[in-house]
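Enquirer: model the structure of this input:
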Amino acid sequence: MPQEKAKEPLRIGLFVGREWSWPPAFIEEVNRRGEGVIAEYVKIGGTAMNEPCPYRVIVDRISHEVPYYRSYLKNAALQGVKILNDPFMWTADDKFFGASLADRLGVVSPKTIVLPNREYVPGIVHDESLRNLEYPMNWDRIIEAVGGFPCVLKDAHGGGWKEVYVVHSKEELIWRYNSTGLLTMVLQEFIRWENYARLMCLGQEDVHVMKYDPSQRLYHEQHDFSPELHDRMVKDALTLCIAFGYDMNTVEFAIKDGIPYAIDFMNPAPDMDVNSLGRKHFDWMVTHMADMTIKLANSKAATAERYFWGKSGKKSTKTKA
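Expert: Okay, the predicted model is just below:
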């Protein structure tokens, strides 16, 4: 009798940048399990339209910095791949929309206002192209909207604590704003936190709660949150991740008077480095990312399911006579 052909393994692809600890540990963890799923680095170099994708799942940790990767991932979504995280949502989100969504969902977050850009691309003629903008800006109204000083000026699309300024006066605020160039900035209420948490959320169901000190960029091995506070943060974090559709995200809470303020919750390429996390948290990231991606590889989940073009299937381009 002819031998039955061996089943091809399902493949998990990984896009990474300048990180050296988590990616190889994750790949080794997936591959050593022998569950019919293999993980590897994606290798590409020029992609044809509607090109098939060999991966069942792709973990994306760098396309926000490499536009070609983002284009590849959108095409991969069209092919039925499950992508962590959804490149369409990741392209569209910003801290102001996030603050508005959190407020709509009943998650406590700092008062936030988005500001007009300080500078614009060539071709924008200020007195012709920007007729919808108030000028001069009403700084007193803006400051009052976030509760006064101190307050925080930050890049609406930024991460990694880049372009984040705590300001203490109108003069300092305007000075910082005048240096922001083409960035879109938000101004946010400053929360004088007494405790701080960072929660890693995977698969919109698996949450790892960590005590974190943002002033020292330090993760504590153990946390001291009460059961009630712990459960509230987990609930709020999952509410946000489900709303955004993120399967890999960290949500940060600044805790004041026992109330967790969701202060930063759009981190679709979260910190997974052993040197910052410490061994305990790092090992959790490795094993639970492997759990989630293997589960997704064996499922029918697809990023395209969230969109009309993904649900509609192939449509004929022919028109009736």
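
Enquirer: helices along this protein, start to end?
Expert: Remark: helices assigned in the chain by DSSP state H are 22-32, 67-78, 87-92, 95-105, 126-129, 139-145, 170-177, 227-244, 274-277, 279-297, 308-311.

Enquirer: other SSEs contacting the first one?
Expert: Same thing as helix 22-32. Contacts defined by 3 or more C-beta pairs under 8 Å, 6 or more residues apart in numbering; DSSP states H and E place helix 22-32 against strand 10-15, strand 37-41, helix 279-297. (C-beta placed from N, C-alpha, C; glycine too.)

Enquirer: picking up where we left off before, got the helices of the chain as JSON lines, with distance to residue 209, mean pLDDT and mean neighbour count columns?
Expert: Formatted as JSON lines, the helices of the chain follow (distance: least, C-beta to C-beta, whole Å; pLDDT from 0 to 100; neighbours: other C-beta atoms under 10 Å):
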{"stretch": "helix 22-32", "distance to residue 209": "19", "mean pLDDT": "98", "mean neighbour count": "17"}
{"stretch": "helix 67-78", "distance to residue 209": "30", "mean pLDDT": "97", "mean neighbour count": "19"}
{"stretch": "helix 87-92", "distance to residue 209": "24", "mean pLDDT": "91", "mean neighbour count": "17"}
{"stretch": "helix 95-105", "distance to residue 209": "18", "mean pLDDT": "95", "mean neighbour count": "18"}
{"stretch": "helix 126-129", "distance to residue 209": "47", "mean pLDDT": "90", "mean neighbour count": "9"}
{"stretch": "helix 139-145", "distance to residue 209": "32", "mean pLDDT": "97", "mean neighbour count": "13"}
{"stretch": "helix 170-177", "distance to residue 209": "33", "mean pLDDT": "97", "mean neighbour count": "15"}
{"stretch": "helix 227-244", "distance to residue 209": "6", "mean pLDDT": "97", "mean neighbour count": "18"}
{"stretch": "helix 274-277", "distance to residue 209": "13", "mean pLDDT": "96", "mean neighbour count": "15"}
{"stretch": "helix 279-297", "distance to residue 209": "10", "mean pLDDT": "98", "mean neighbour count": "19"}
{"stretch": "helix 308-311", "distance to residue 209": "33", "mean pLDDT": "88", "mean neighbour count": "10"}
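
Enquirer: distance from stretch 237-256 to the middle of the chain?
Expert: The chain centre lies 9 Å from the centre of stretch 237-256; the measure is C-alpha atoms, centre = their mean, to the nearest Å.

Enquirer: follow-up on the earlier one: out of the helices of the chain, which gets nearest to residue 48?
Expert: Residue 48 lies closest to helix 67-78 among the helices of the chain, at 8.8 Å (C-beta to C-beta).

Enquirer: okay, angle between that closest one and strand 10-15 too, please.
Expert: 160 degrees (axes from the mean of the first three to the mean of the last three C-alpha atoms, to 10 degrees).

Enquirer: now the helices and strands packed on helix 22-32 in a markdown table, with distance to residue 182?
Expert: Putting the helices and strands packed on helix 22-32 into a markdown table (distance: least, C-beta to C-beta, whole Å) gives the following:
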| stretch | distance to residue 182 |
| --- | --- |
| strand 10-15 | 26 |
| strand 37-41 | 33 |
| helix 279-297 | 34 |
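
Enquirer: so which of those comes closest to residue 143?
Expert: Comparing those by C-beta to C-beta, helix 279-297 comes nearest, at 37.8 Å.

Enquirer: angle of the closest one against strand 37-41?
Expert: Using the same axes, to 10 degrees: helix 279-297 against strand 37-41 is 120 degrees.

Enquirer: I'd like to know which elements helix 279-297 is packed against.
Expert: Checking 3+ C-beta pairs under 8 Å, 6+ apart, helix 279-297 ends up next to strand 10-15, helix 22-32, strand 37-41, strand 57-60, strand 82-84, strand 195-202, strand 206-213.

Enquirer: just send these back as JSON lines, with distance to residue 136 too.
Expert: Below are those laid out as JSON lines (distance: least, C-beta to C-beta, whole Å):
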{"stretch": "strand 10-15", "distance to residue 136": "44"}
{"stretch": "helix 22-32", "distance to residue 136": "47"}
{"stretch": "strand 37-41", "distance to residue 136": "51"}
{"stretch": "strand 57-60", "distance to residue 136": "41"}
{"stretch": "strand 82-84", "distance to residue 136": "44"}
{"stretch": "strand 195-202", "distance to residue 136": "37"}
{"stretch": "strand 206-213", "distance to residue 136": "39"}
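
Enquirer: which of those sits closest to residue 292?
Expert: strand 195-202 (4.9 Å).

Enquirer: partner strands of that closest one and their direction?
Expert: strand 206-213 (antiparallel), strand 248-256 (antiparallel) (DSSP bridges).

Enquirer: could you give the angle of the longest one to helix 227-244?
Expert: Translated: strand 248-256. Calculated by the same axes, to 10 degrees, strand 248-256 forms an angle of 140 degrees with helix 227-244.
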